[in-house]
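**Student:** Need a 3D model of the following:
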Amino acid sequence: MITGQYRNALDDKGRLLVPSKLRSEVPGNTLVITSGIDRCLWLFPPEEWKQLSDKLMEAASPFSRRARLLQRRIIAPAQEVELDKTGRILIPPSLKETAGLRKECILHGIKKYIEIWDVDEYKAYLDENENEFQEAAEELGGSVSFF
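**Tutor:** Numbers count the residues shown, from 1 in each chain. The predicted model follows:
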């Protein structure tokens, strides 16, 4: 299970170190990176990416405007990236621009995939969505039990 929050910087060549704790949960050295929802990138183990992309394609008709939008925003920009011997991935320039990645990044392990955010973008996202988070937590509170 991929979990945890980490902070790392992009180097001058656009490479980002994937923390060893996250790498240890990923089989092999290949990952799939794509544009996420909100202003972040998603990084998937290949099998998880295959499952998600297959479901998106099966559930969507090319005749549906909204389906095409999802396919173009999530499936089309997806690229395989290799972990180098030090555990870094090269963020493709187009995806780096899409997510507004500058230097400092936050990586979130979200069970089956990793989100990559620019630190300032993520802070703005949290600030902008705090009230909605509180409302969602309140709604979920009645349906989730810890025991």
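**Student:** buried residues in stretch 33-45?
**Tutor:** Going by neighbour count (16 or more other C-beta atoms under 10 Å), the buried part of stretch 33-45 is I33, T34, S35, G36, R39, C40, L41, W42, L43, F44, P45. Where C-beta positions appear, they are placed from N, C-alpha and C, glycine not excepted.
**Student:** Now distance to R23 too, for those residues, in JSON lines please.
**Tutor:** As requested, the buried residues of stretch 33-45 are exported to JSON lines (distance: C-beta to C-beta, whole Å):
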{"residue": "I33", "distance to R23": "14"}
{"residue": "T34", "distance to R23": "19"}
{"residue": "S35", "distance to R23": "22"}
{"residue": "G36", "distance to R23": "19"}
{"residue": "R39", "distance to R23": "24"}
{"residue": "C40", "distance to R23": "19"}
{"residue": "L41", "distance to R23": "16"}
{"residue": "W42", "distance to R23": "16"}
{"residue": "L43", "distance to R23": "11"}
{"residue": "F44", "distance to R23": "14"}
{"residue": "P45", "distance to R23": "11"}
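**Student:** Show me these that map onto strands.
**Tutor:** Secondary structure from DSSP state E places I33, T34, S35, L41, W42, L43, F44 of these in strands.
**Student:** who touches the fourth one in this structure?
**Tutor:** When the contact criterion is C-beta atoms under 8 Å, 6 or more residues apart in numbering, the partners of L41 are I33, T34, S35, I91, L95, T98, A99, L101, E115, I116, W117.
**Student:** Would you tell me which one of these comes nearest to A136?
**Tutor:** E115 (17.3 Å; C-beta to C-beta).
**Student:** All set, thanks.
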